[in-house]
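[1] model the structure of this input:
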Amino acid sequence: MIVNQFLVLAALLFSIGIYGVLVRRNAVLVLLSIELMLTAVNINLVAFGQYLQDALVSGQVFALFVITVAAAEVGIGLAIVILIFRNRSSANVDELDLLKW
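    Predicted coordinates for the structure are as follows:
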């Protein structure tokens, strides 16, 4: 397969992720949309790493770092959402004004 197909797929996934972050009101769906955007970044990293065929496979190494950061983000993000849901009985992003004065 050529690199253009991977770039189109990554652009489509990233666009869906941005749409989900901007439109969704549920915090869990916002986290899911962020994961879609990180997946698009991983596809780009691996596609360009394969296209350039460098000896250090830096695209794949960076993709592993992004996967690690995404796993940590999901763990901490879901913990925060669960704590907010316990306190407010809602996971709606528009109602999250806990840090307001």
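
[2] okay, CA-based contacts and neighbour counts for the rest of this
    OK.

[3] and the strand or helix carrying Leu38, average pLDDT?
    Element membership for Leu38 (DSSP states H and E) is helix 27-52. Mean pLDDT, helix 27-52: 91.

[4] buried sites along that helix?
    Residues of helix 27-52 classed as buried by neighbour count (16 or more other C-alpha atoms under 10 Å): 27-31, 33-49.

[5] for the closest residue to Val57 other than its chain neighbours, give its distance to Asn4.
    Distances taken as C-alpha to C-alpha, 6 or more residues apart in numbering place Gly49 nearest to Val57, at 6.2 Å, with adjacent residues excluded. Separation of Gly49 from Asn4 (C-alpha to C-alpha, to the nearest Å): 14 Å.

[6] am I right that Ala40 is in contact with Ser15?
    No - with contact defined as C-alpha atoms under 8 Å, Ala40 does not reach Ser15; the gap is 9.2 Å.

[7] the residue nearest to Val57 touches Leu56, doesn't it?
    No - using C-alpha under 8 Å as the test, Gly49 is too far from Leu56 to be in contact (9.2 Å).

[8] list the residues that contact the residue nearest to Val57.
    Residues near Gly49 by C-alpha atoms under 8 Å, 6 or more residues apart in numbering: 57-60.

[9] now, these that are in helices?
    Cross-referencing the contacts of Gly49 against helices under DSSP state H gives 58-60.

[10] returning to what we had before: what about the contacts of Gly49, which one has the most neighbours?
    When the contacts of Gly49 are compared by neighbour count (other C-alpha atoms under 10 Å), Gly59 ends up highest, at 21 neighbours.

[11] give me the nearest residue to that one, chain neighbours excluded.
    Leaving aside its chain neighbours, Gly59 sits nearest to Gly49 (4.3 Å; criterion: C-alpha to C-alpha, 6+ apart).
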